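Student: 3D model of this:
(chains A and B)
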Number of protein chains: 2
Amino acid sequence: MENKTSTEIVKKQYFTFAHPPKEIILESGEKLGPITLAYETYGKLNKNRNNAILVVHALSGDSHAAGFYENDKKPGWWEDMIGKTRALDTDKYFIICSNIIGGCGESTGPSTINPKTNKPYALDFPIITIGDMVNAQKFLIDYLGIDKLLCVIGGSMGGMQTLQWVALYPEKVLSAIPIATTLKHSPQQIAFNEVGRQAIMSDPAWLNGNYYGHSGPKKGLAVARMVGHITYMSTISMEEKFSRRLKEKTNIFPSDKFSIDFEVENYLEYRGDNFAKRFDANSYLYITKALDYFDLSEEKFTQKNKNIKTKFLIIAFKSDWLYPPSQSREIVKLLKINGIPASYCEIDSSYGHDAFLVEIEKQSELIKHFLNSVVRENNIYI
Amino acid sequence: MENKTSTEIVKKQYFTFAHPPKEIILESGEKLGPITLAYETYGKLNKNRNNAILVVHALSGDSHAAGFYENDKKPGWWEDMIGKTRALDTDKYFIICSNIIGGCGESTGPSTINPKTNKPYALDFPIITIGDMVNAQKFLIDYLGIDKLLCVIGGSMGGMQTLQWVALYPEKVLSAIPIATTLKHSPQQIAFNEVGRQAIMSDPAWLNGNYYGHSGPKKGLAVARMVGHITYMSTISMEEKFSRRLKEKTNIFPSDKFSIDFEVENYLEYRGDNFAKRFDANSYLYITKALDYFDLSEEKFTQKNKNIKTKFLIIAFKSDWLYPPSQSREIVKLLKINGIPASYCEIDSSYGHDAFLVEIEKQSELIKHFLNSVVRENNIYI
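Tutor: Numbering: from 1, shown residues only, chains lettered A, B, ... in the order given. As a prediction, this is how the structure comes out:
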């Protein structure tokens, strides 16, 4: 099982399972199958098959975490974290990045053809949860012949999947690094997601989800993404990046009313429009609901195993107001109460929630040392 | 000039001025006229005509600050602040609450009939600024025969008008109470407004502003208002009000996908829809632009008068993250640097930005004492 290391050419791979009648039963009780997961791997699985690290992605991420596709100039979303000598060192570890079900990174989701109707699922796609995403990834890990993961790591929704992995399969996860995440959404976090969903569903082009083959609710999705971007940045990082600078204007009173005046408006619209080109609006609905439904209260966290041995490193960022450090400290509290080994680090960054994608150097030092200790304590021969 | 005191029946009044060809020239250079301002008054103007307090309202407010309309059960928006023995005591003061131009509280705005075309202005309405709003109110104050205002007071956008009153007419304003406001919008504040505007303008029912006589962009406006409401509350007040409670449901997996699950979603949609019924979407565009354009940097604040004598009380609320206390402290700094007398009070409230409408008792004590000192120092006989 060899793969290109990062900063090299990588290829997306696909794993299909749960072929009917062996569909998987989702948390809602509904069935889903067949299921395809897109994934990528970097580095090499060792002989003992115990150097595997699972990277799980955030809302708008996908399985392309590192490296470059042939003829593509843009690397994966965590490129600086994954590769030779990097925190997730491909000389040492076998890194797997799995897409989620429900997403639109070529894994099974609402845009997939429903084999029962030969049309895209659209809203016939069942409601999915973070638990369902993790259960699907478990099939992939089994398929790759990995009994125990050295580590599960991810930020934001990736952090939720990380926590959920330990809650569902504590014996399969030696260590876990949930970054900038929470045990459950607060009403404010639900509210921001609901604004995004309403923006999409209010767009007449949404067509009650049946827009495949049509243009789709691009404007609604762009507005949803604009809201998202505001919450991903801190007031300080916005001030530093944009201040009150005008976009190519000297006169604040435009002849074209309500056109873009400020740089910050220009940025948000650019990011919103770009996102709407690449992301499936129904996926946005399903995934944000999965985020809102997620609730790993104490009973749920420990229900599978009262004696969790997984070792944790929890990372939060001071200026992150979407998933504030207080929510990470709640995770630490829950772990400590249950006697689960946990280190907590609050990184002093001004990048807000985006910091988990941006503050690579600060995170790398922590993650390297943490993984080294896990390797040492478990007598893993790399 | 007698008026009903608050907690009694009040009536909206109208003042029309700037009849062509005497239109007023706006900050943009465009002309506007005739202009009608809706306003209300409470209490009695004294013989010396020096007990008048101007109340200025926020984005979604209007001139109905106190009292009840005939056969109406809902009082004005600052009812508990205005009336006998209240902070703005109608036994002592003559309170004027003026609507703004551009607003939809029956004052001249984009929904008004343009006398030149006999159709609603729509986007032919000129861009307006906080300065234009204040200049229009100055006509009203002159008409009421008031040479000097004892005080100008308002929260949020009302706070901006308060600051602008002093910047434009320092000799007319004995004291000023800007509450939960700022000298200028940060990029984050601009960004939230731009999301609202994009939600409205992305709604096909907006018809490029020409929706009068049609249903109008109600969905887009509702989404804009939902975003607003999130920013008006604090994380704590949302947690206390909604937590993760479900709306009349026992099962989190609804048969009706993406319907309302959580109480917080229900609240936001109710508030959004209600707002869309009563507020003009174009007004929302014009007013939010006025907020974003507002910038009272030092030179602008003192340009009319280097020797401002107006006495200030600045109030901010600890949990207000839309107009955080740091922005109020910037106002205090500007005033102190210019030798302008200013007291600052940061109220320990969990209500977020809404606190200026909710924390009446805490504000009242401060305002009463402050106004008493202004009355005393200026030898005003009430």
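Student: list the helices and strands the lengthiest helix in chain A packs on?
Tutor: Taking DSSP state H as the criterion, chain A has its longest helix at helix A:360-377. Counting contacts by 3 or more C-beta pairs under 8 Å, 6 or more residues apart in numbering or on different chains; DSSP states H and E, helix A:360-377 packs against strand A:151-155, strand A:175-179, strand A:311-317, strand A:342-347. C-beta coordinates here come from the backbone N, C-alpha and C atoms, glycine included.
Student: What count of nearby residues applies to the residue in the stretch 51-200 of chain A positioned nearest to chain B?
Tutor: Residue of the stretch 51-200 of chain A nearest chain B, by C-beta to the nearest C-beta: residue A:187 (4.0 Å). By other C-beta atoms under 10 Å in any protein chain shown, the residues close to residue A:187 number 27.
Student: What of residue A:20?
Tutor: Residue A:20: 11 neighbours (other C-beta under 10 Å).
Student: Contact partners for it?
Tutor: A:33-34, A:115 (C-beta atoms under 8 Å, 6 or more residues apart in numbering or on different chains).
Student: Look up the closest residue to residue A:286, ignoring the ones flanking it.
Tutor: Excluding the flanking residues, the one nearest residue A:286 by C-beta to C-beta, 6 or more residues apart in numbering or on different chains is residue A:102, at 4.5 Å.
Student: close enough to count as contact, the one you found and residue A:288?
Tutor: No. Residue A:102 lies out of contact with residue A:288 (C-beta atoms under 8 Å); the separation is 10.2 Å.
Student: what about these two, which has more around it?
Tutor: residue A:102 (28 against 24).
Student: mind checking pLDDT for the residue nearest to residue A:286?
Tutor: Turning to residue A:102, the model gives it a pLDDT of 96.
Student: where does residue A:3 land on pLDDT?
Tutor: In this prediction residue A:3 is given a pLDDT of 45.
Student: how many other residues sit next to the closest residue to chain B within the stretch 1-150 of chain A?
Tutor: At 4.1 Å from chain B, residue A:28 is the closest residue in the stretch 1-150 of chain A, using C-beta to the nearest C-beta. Other residues within reach of residue A:28, judged by other C-beta under 10 Å, total 17.
Student: coming back round to it: what's the PyMOL syntax to select whichever of the contacts of residue A:20 are buried?
Tutor: Remark: buried members of the contacts of residue A:20, expressed as a PyMOL selection using 16 or more other C-beta atoms under 10 Å in any protein chain shown:
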select buried, chain A and resi 33
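Student: so of the contacts of residue A:20, which ones are in helices?
Tutor: Per DSSP H, those never map to helices.
Student: Distance to residue B:361 and pLDDT for the contacts of residue A:20 - can I get that in TSV?
Tutor: Output for those, formatted as TSV (distance: C-beta to C-beta, whole Å; pLDDT from 0 to 100):
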residue	distance to residue B:361	pLDDT
A:33	60	96
A:34	63	97
A:115	64	94
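Student: who are the neighbours in contact with the closest residue to residue A:138 other than its chain neighbours?
Tutor: Using C-beta to C-beta, 6+ apart and skipping the chain neighbours, the partner closest in space to residue A:138 is residue A:169 (6.4 Å). Neighbouring residues of residue A:169 by C-beta under 8 Å, 6+ apart: A:134, A:138, A:304.
Student: show me the contacts for the most centrally placed residue in chain A.
Tutor: Residue closest to the average C-alpha location in chain A (C-alpha atoms, centre = their mean): residue A:58, at 1.7 Å. Residue A:58 makes contact with A:154-158, A:356, according to C-beta under 8 Å, 6+ apart.
Student: Pull up the residues of the stretch 1-150 of chain A that are close to chain B.
Tutor: A:27-29, A:123, A:127 (C-beta under 8 Å from any C-beta of the partner chain).
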